[in-house]
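In: For reference, the sequence and a predicted model appear below.
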Amino acid sequence: PMLVVVDEAQLFAPAVAGEVSDEARKLSLGAMTNLMCRGRKRGLAGIIATQRLAKLAKNVAAEASNFLMGRTFLDIDMARAADLLGMERRQAEAFRDLERGQFMALGPALSRRPLGLRIGPTDTSPRNGTPRLMAMPESALEDARAIILAAPPPETVRTPRRPASPDLLDQLMAAKSAALEMRPEPAEPQISAEDLAERRERVDRVLRAILAQPDAGFRVIGVLYQEFVVRCRIEGLASVVPDLPEFRRMLTRARAGLGSETTQDDAWRDVSVRASLLPDDMQGVFMMIARAAKEGWPCPSDAAIARAYGSHSLRRARRLLTYIEEQGLIVCQLDGTGWRTVTLVELAWATAPGDPNAEEVEQESLAL
């Protein structure tokens, strides 16, 4: 068990996107949320500190059990602090009157009601020390007049520094080049084709285990990538962990039921090229339909398409099929019984008729 103290927590768990990209914000926010939500069962106690409470994500701040609110002046920070402590808005002005070391405390370890307390002096001090203002030394008026009217000191002649000669610079550059040439390059380990295929299969097995979880289709890509990295390290695959863009492509193929070996086929390369015309979150749906069409399986239901897209809305799944059809990639047809058939343009792959209103469990059993 250990304490994990995060200072300037609004930088790691911001309420809105700021200077960093949205992907980096999701990764950092997911890590902070896991620390505060699920860290206790792993023996991690999170302590977060911030000077801008309004900029801190609510999901992270709400998981804390004990609060210490110090002096703050901005109205949004005071209102946020009053809400966390269960105080009325008109009482938020009290945070401006707190002195140095005074806090409003609330929590099972402190008090059941907002209580004012004072923190004692610190036992340690920073290396550079805190600057303090000191009074000017007392001096007589005559001494000041003498300093002002004193003659200026003689100017000191500085000897100009001579620039380094070109010959010396050439010698230094030549010595550096010789040292780089003499340094042996690290030999890259030779990996056989069998070992490479085995690693690829193990990575696919880890990815399938993650997608087998019930809520895997509705979790953000950043959280899935964190779990994927941890599982790869446990399996001893830390040296072959892909980056986030490559993981996104692997996740798209895995949601369509495709492995690394399947995508080496020329036909699937053509499917990948066509899928690249769609946004990233739609490519997995297109490849899932392409796999069902190539194997002759029934057309995926609206529930299966919505899950592959990461949504619970069946209406959004139908709009998604309409959008892909408008791009000229597929053709959807309904027979007299209301069952749907999807045909891939130019590839002449067509799915078997499938019930669009079928449950997702039935659809998965048909795919298996």
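Out: Thanks, I have it. Source: prediction; values computed, not measured.

In: Tell me which helix or strand residue 132 sits in.
Out: Using DSSP states H and E, residue 132 falls within no helix or strand.

In: Where do the helices of the stretch 151-300 of the chain begin and end?
Out: For the stretch 151-300 of the chain, the helices defined by DSSP state H, counting those that start in this stretch cover 166-182, 193-211, 221-234, 244-255, 266-275, 280-295.

In: For these, give me a markdown table that also has mean neighbour count, mean pLDDT and distance to residue 313.
Out: For every residue, glycine as well, the C-beta is placed using N, CA and C. Below are the helices of the stretch 151-300 of the chain laid out as a markdown table (neighbours: other C-beta atoms under 10 Å; pLDDT from 0 to 100; distance: least, C-beta to C-beta, whole Å):
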| stretch | mean neighbour count | mean pLDDT | distance to residue 313 |
| --- | --- | --- | --- |
| helix 166-182 | 9 | 72 | 59 |
| helix 193-211 | 14 | 81 | 20 |
| helix 221-234 | 17 | 86 | 19 |
| helix 244-255 | 18 | 79 | 17 |
| helix 266-275 | 16 | 80 | 22 |
| helix 280-295 | 22 | 86 | 13 |
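
In: out of these, which comes closest to residue 10?
Out: helix 221-234 (18.5 Å; C-beta to C-beta).

In: circling back to that earlier point, save the helices of the stretch 151-300 of the chain as CSV, and put in distance to residue 69 too.
Out: What follows is these, written out as CSV (distance: least, C-beta to C-beta, whole Å):
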stretch, distance to residue 69
helix 166-182, 57
helix 193-211, 40
helix 221-234, 30
helix 244-255, 37
helix 266-275, 51
helix 280-295, 40
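
In: can you tell me which of those helices comes nearest to residue 104?
Out: Nearest of these (C-beta to C-beta): helix 221-234, 34.0 Å.

In: Now do that closest one against helix 193-211, angle only.
Out: In terms of direction (axes from the mean of the first three to the mean of the last three C-alpha atoms, to 10 degrees), helix 221-234 departs from helix 193-211 by 130 degrees.

In: helices or strands up against helix 221-234?
Out: The contact analysis (3 or more C-beta pairs under 8 Å, 6 or more residues apart in numbering; DSSP states H and E) places helix 221-234 against helix 22-38, helix 193-211, helix 244-255.

In: distance between it and the chain's centre?
Out: 12 Å (C-alpha atoms, centre = their mean, to the nearest Å).

In: Contacts for it, please.
Out: 23, 26-27, 30-31, 34, 203, 206-207, 209-210, 216, 238, 240-241, 244, 247-248, 251 (C-beta atoms under 8 Å, 6 or more residues apart in numbering).

In: With stretch 13-27 instead?
Out: By C-beta under 8 Å, 6+ apart, stretch 13-27 touches 28-29, 32-33, 48, 54-60, 220-223, 225-226, 244.

In: just stretch 116-135 next, same as before
Out: Residues beyond stretch 116-135 that count as contacts (C-beta under 8 Å, 6+ apart) turn out to be 68, 98, 101-105, 110.

In: for stretch 279-295, same thing?
Out: Taking C-beta under 8 Å, 6+ apart as the rule, stretch 279-295 contacts 248, 251-253, 255-258, 267, 271-272, 274-276, 278, 297-300, 304-305, 308-310, 320, 323-324, 329-330, 342-344, 347, 349-351, 367.

In: returning to that earlier point: return the entry from the contacts of stretch 116-135 with the maximum number of neighbours.
Out: residue 104 (24 neighbours; other C-beta atoms under 10 Å).

In: List the residues that contact that residue.
Out: Applying C-beta under 8 Å, 6+ apart, we find residue 104 in contact with 67-69, 81, 85, 94-95, 98, 114-116.

In: Quick check: the gap between it and residue 245.
Out: To residue 245, residue 104 is 46 Å away according to C-beta to C-beta, to the nearest Å.

In: repeat for residue 219
Out: 18 Å.

In: Ok, residue 96 next?
Out: Distance from residue 96 to residue 245, by C-beta to C-beta: 47 Å.

In: Equivalent analysis for residue 285, please.
Out: From residue 285 to residue 245 the distance is 19 Å (C-beta to C-beta).

In: now swap in residue 318 and tell me
Out: Per C-beta to C-beta, residue 318 is found 29 Å from residue 245.

In: Okay, the residue in the chain sticking out farthest from the centre and residue 150: tell me how far apart.
Out: Centroid-distance maximum for the chain: residue 142 at 67.3 Å, with C-alpha atoms, centre = their mean. Note on residue 142: its distance to residue 150, by C-beta to C-beta, is 12 Å.

In: go on, residue 288?
Out: In terms of C-beta to C-beta, residue 288 sits 89 Å off from residue 150.

In: Read off the pLDDT value for residue 322.
Out: Residue-level confidence at residue 322 comes out at 91, pLDDT.

In: go on, the one 10 residues further on?
Out: Per-residue pLDDT puts residue 332 at 92.

In: now do the one 10 residues further on
Out: pLDDT recorded at residue 342 is 92.

In: Look at it and give its secondary structure.
Out: Assigned by DSSP: H, G, I helix; E, B strand; the rest coil, the conformation of residue 342 is strand.

In: How many residues are close by it?
Out: For residue 342, the count of nearby residues is 23 (other C-beta under 10 Å).

In: so who does it touch?
Out: By C-beta under 8 Å, 6+ apart, residue 342 lies in contact with 289, 292-293, 299, 321, 330-333, 350-351.
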